[in-house]
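Participant: sequence first, then the predicted structure:
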Amino acid sequence: MAKNQARDNREARERLRLYQARQGLNERQRRRRRRDNVVGVGVLVVVAALATGSQLAFAGSHGSPKTDASASATATATPTPSASATAGNTGDVPSKSIAKNSTWTGSLTLNKDVELGIELDGKKAPQATSVEISLIRKQFYNGTTCHRLADSKGFRFLQCGSANGDGTGDAGFEYGPLENVPSDGQYEKGTIAIARGSSPYSQSTQFFIVYGDTTLDGSTGGYTVVGKVTSGLDALESKITSKGISSPGDDGTGEPKVATKITGATIAEQK
């Protein structure tokens with residue numbers, strides 16, 4: 001009888017542990033909203049401001065507009081709120097010492113036939129570079145998709161790295177602060193930057209590749225520039241981005257017509 005009671009107690013504790021684990025996972029998934037935030041805010045704020053005259057100066061000096069009923073002209077431009085509302089890392093963020101203040105080089109392969117040479121700046125963006133090194137080493141990106149494309153003039157990027165392939169999910173952590181952000185809001189062709197939600201500490205696994213000079217709204221805080229593409233942009237444009245967007249959303253971005261998957265990634269410290 002005592003043995004049966006002890007076994008029942010163990011089983012009850014295990015059921016409780018599993019229930020609590022599921023509850024915690026569900027809560028994290030509920031909080032981790034879609035990060036299709038990257039840069040649509042910048043262009044749409046500018047468009048709305050031009051349509052209303054003085055609105056641009058207001059947005060530039062007081063930050064991005066709030067999402068509420070009175071902001072109908074710019075509501076769609078507001079980034080999706082992130083799970084991280086406080087100024088601090090969450091989860092097990094890779095140590096920024098991984099980058100060693102060094103330059104790191106490697107490759108990012110899309111759809112098996114588009115190979116991009118990449119360079120990450122461990123000196124200017126040590127935390128973001130360390131995260132990317134860790135994710136690449138763990139082959140986190142292999143098999144994930146590039147789910148979002150922008151292809152208008154002055155607004156050209158391909159967003160990749162979502163854990164679930166649709167702009168949601170992460171690797172169990174979110175981090176900050178923002179690093180190496182362009183002061184003028186200009187992201188040059190070839191830039192690799194980190195996507196985020198409304199908080200500077202909502203960076204995780206997603207990044208975007210700028211394949212044409214792009215201007216982003218600096219009043220939202222900007223985006224960490226972690227590195228650059230050193231080769232392969234011509235192939236990216238000819239085989240993927242030039243084919244357009246399947247169903248553009250309100251901000252003009254959407255899934256690329258050419259389904260795009262990361263099929264390989266490498267990284268090594270430059271000697």
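Facilitator: The structure has been received and is ready for your questions.
Participant: the closest residue to Pro248 other than its chain neighbours pairs with what?
Facilitator: In space, and not counting its chain neighbours, Pro248 is closest to Gly254: 4.6 Å by C-beta to C-beta, 6 or more residues apart in numbering. For glycine as for every other residue, the C-beta is placed from the backbone atoms N, C-alpha and C. Note on Gly254: beta-bridge partners by DSSP bridges are Leu149.
Participant: Gly254 contacts Asp151, doesn't it?
Facilitator: No. If you go by C-beta atoms under 8 Å, Gly254 and Asp151 don't touch, sitting 9.4 Å apart.
Participant: show me the contacts for the residue nearest to Pro248.
Facilitator: Taking C-beta atoms under 8 Å, 6 or more residues apart in numbering, we find Gly254 in contact with Arg148, Leu149, Ile245, Ser246, Ser247, Pro248.
Participant: flag the least confident of those.
Facilitator: Least confident entry in the contacts of Gly254, by pLDDT: Ser247, with 89.
Participant: how close does that residue sit to His147?
Facilitator: Remark: distance between Ser247 and His147 (C-beta to C-beta, to the nearest Å) = 12 Å.
Participant: shared neighbours, those two?
Facilitator: Shared contacts of Ser247 and His147, defined by C-beta under 8 Å, 6+ apart, comprise Glu255.
Participant: my guess is Ala150 meets Phe157, correct?
Facilitator: Yes. Look at Ala150 against Phe157 with C-beta under 8 Å: they come within range, at 5.1 Å.
Participant: same drill for Ser247 and His147, tell me which one is more crowded.
Facilitator: A count of neighbours by other C-beta atoms under 10 Å puts His147 above the other of Ser247 and His147, at 25 against 7.
Participant: spit out the contact partners of the more buried one.
Facilitator: His147 neighbours (C-beta under 8 Å, 6+ apart): Asp36, Gln159, Cys160, Ser162, Gly165, Asp166, Gly167, Glu255.
Participant: of those residues, keep whichever come out buried.
Facilitator: By neighbour count, with 16 or more other C-beta atoms under 10 Å, those hold Asp36, Gln159, Cys160, Ser162, Gly165, Gly167, Glu255 as buried.
Participant: so which of the residues you listed is the closest to Phe208?
Facilitator: Checking the buried ones among the contacts of His147 against Phe208 with C-beta to C-beta, the nearest one is Gln159 at 4.3 Å.
Participant: wasn't the closest one part of a helix?
Facilitator: No. Gln159 sits outside any helix when classified using DSSP: H, G, I helix; E, B strand; the rest coil, being strand.
Participant: could you report the pLDDT at it?
Facilitator: For Gln159, the model assigns a pLDDT of 98.
Participant: count of neighbours near the residue nearest to it when sequence neighbours are not counted?
Facilitator: Spatial nearest neighbour of Gln159, excluding adjacent residues (C-beta to C-beta, 6+ apart): Arg148 at 3.9 Å. By other C-beta under 10 Å, the residues close to Arg148 number 29.
Participant: a markdown table for the contacts of His147, including distance to Gly232?
Facilitator: Below are the contacts of His147 laid out as a markdown table (distance: C-beta to C-beta, whole Å):
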| residue | distance to Gly232 |
| --- | --- |
| Asp36 | 24 |
| Gln159 | 17 |
| Cys160 | 14 |
| Ser162 | 21 |
| Gly165 | 22 |
| Asp166 | 25 |
| Gly167 | 24 |
| Glu255 | 21 |
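Participant: mind checking how far Arg137 is from Asp213?
Facilitator: The spacing between Arg137 and Asp213, counted by C-beta to C-beta, is 31 Å.
Participant: again with Ser152
Facilitator: From Ser152 over to Asp213 the distance is 12 Å, taken as C-beta to C-beta.
Participant: picking that back up, format the buried ones among the contacts of His147 as a markdown table; extra columns: distance to Asp113.
Facilitator: Compiled in a markdown table, those are given as follows (distance: C-beta to C-beta, whole Å):
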| residue | distance to Asp113 |
| --- | --- |
| Asp36 | 26 |
| Gln159 | 20 |
| Cys160 | 16 |
| Ser162 | 22 |
| Gly165 | 20 |
| Gly167 | 25 |
| Glu255 | 19 |
